[in-house]
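Asks: Any chance you could fold what I've pasted below:
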Amino acid sequence: MKYSVVMCTYNGERFIADQIKSILAQTHKVDEILIFDDRSSDNTVRIAEELLAESGISYRITVNEVNKGVARNFIDGMKCAAGDYIFTCDQDDVWKKTKVETFHRHILKTGKMLYFSDGIVVDEHLNRTGSLWKSVKYDQKREDISVTMLKKDIVTGAAMAVSHRLAEMIEDIPESILHDRWCSLIATVNDSIECIRACTFFYRQHSNNVIGAKKLSFSEWIREMGIFNSKKQAEKRHQKADVFCRLKKYCNKNNYARVAQRADFWYGCDRLPVIGRKKAVAFIFGNSLNGNYFRYRTGLISAARDLYFVAVTSGKAKKA
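Replies: As a prediction, the model looks like this:
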């Protein structure tokens, strides 16, 4: 079994040496390390080159001609990897020395498309502040992953390894989500995802994180979620509809119907502002009674919020 590491970097000189050293120190060695740099203006590339040149491990550092952004950078990088499984890797974390070994044991047993673990959340000085799964409120013992994964994002790219087969499957990615969410959704709708009950790395949080596990205050959470922002809620409904409509083409036969139903529901939610008040109200009440608001969203809270926004916006929108 061959393993690749795909690391995407951007102005990561403060922490990249720690990350690369932790990968090189693995008890089960990786076979190649691929770094894709999004045109860093600091010493990120030089530091990486110096460490990898002395490692004895196959590596390649590519500086992108244009800035691709996180998701596209990782997706393109994964397609360049030669390993049977690909670890996606942030520039500022630190791996436990047994991370690859732990994943390897699970991969040999089950051969799934995607594996993900928990991680220890730390500050920039590696002082523990929590865990990844707790930060996203994921309870591995009680939750059915095939259900939970479609409702919320619990897989962090730094915690996952994907099969070469999954990487080859990906033809597109919705603009509204990141690579880890897209990969985990595709694996889920193919019944090929597995969680590893272990903290295999240190997930470093600092002021320059693109995505993090920071705890928000209630007021910050309200602003972030856009609970009372009709424009932001409309954008979220549209994004959900786009994601699940695109996801249908990646499903196996067993999961197509449930993904199609979810896509139809979100498409209906997306059209609430333009179908007229009576039809919108009928949609909300009908999908509350049949349980869709409970299956796919947060139940009566989401239904009530949609009713409120229909009342506020339906008079302003023209019928499509």
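Asks: Strands along the chain, start to end?
Replies: Along the chain, the segments classed as strands by DSSP state E run 3-9, 32-37, 58-63, 85-89, 94-95, 114-122, 128-131, 160-163, 193-204.
Asks: Taking strand 3-9 as reference, get the angle to the second one.
Replies: It refers to strand 32-37. Counting by axes from the mean of the first three to the mean of the last three C-alpha atoms, to 10 degrees, strand 32-37 lies at 10 degrees to strand 3-9.
Asks: Other residues contacting strand 32-37?
Replies: 2, 4-10, 20, 23, 44-45, 48, 52, 55, 57-64, 68, 73-74, 76-77, 80-83 (C-beta atoms under 8 Å, 6 or more residues apart in numbering). C-beta here means a position set from N, CA and C on the backbone, and glycine is covered the same way.
Asks: Find the nearest non-adjacent residue to T110, please.
Replies: Sequence neighbours aside, E194 is the residue nearest to T110 in space, at 5.9 Å (criterion: C-beta to C-beta, 6 or more residues apart in numbering).
Asks: For the one you found, give the beta-bridge partners.
Replies: On the basis of DSSP bridges, E194 is bridged to Y115.
Asks: Tell me the confidence at it?
Replies: Predicted confidence (pLDDT) for E194: 96.
Asks: How about V136?
Replies: pLDDT, V136: 89.
Asks: residues in contact with the closest residue to F103 other than its chain neighbours?
Replies: Of all residues not flanking F103 in the chain, A161 sits nearest, at 5.2 Å (C-beta to C-beta, 6+ apart). Residues near A161 by C-beta under 8 Å, 6+ apart: Y3, Y85, I86, F87, T88, F103, I107, L114, Y115, F116.
Asks: wait, what's in contact with the closest residue to the third one other than its chain neighbours?
Replies: This points to I86. Once flanking residues are discounted, I86 sits nearest to S4: 4.7 Å by C-beta to C-beta, 6+ apart. By C-beta under 8 Å, 6+ apart, the contact list for S4 reads V30, D31, E32, I33, L34, A81, A82, G83, Y85, I86, F87.
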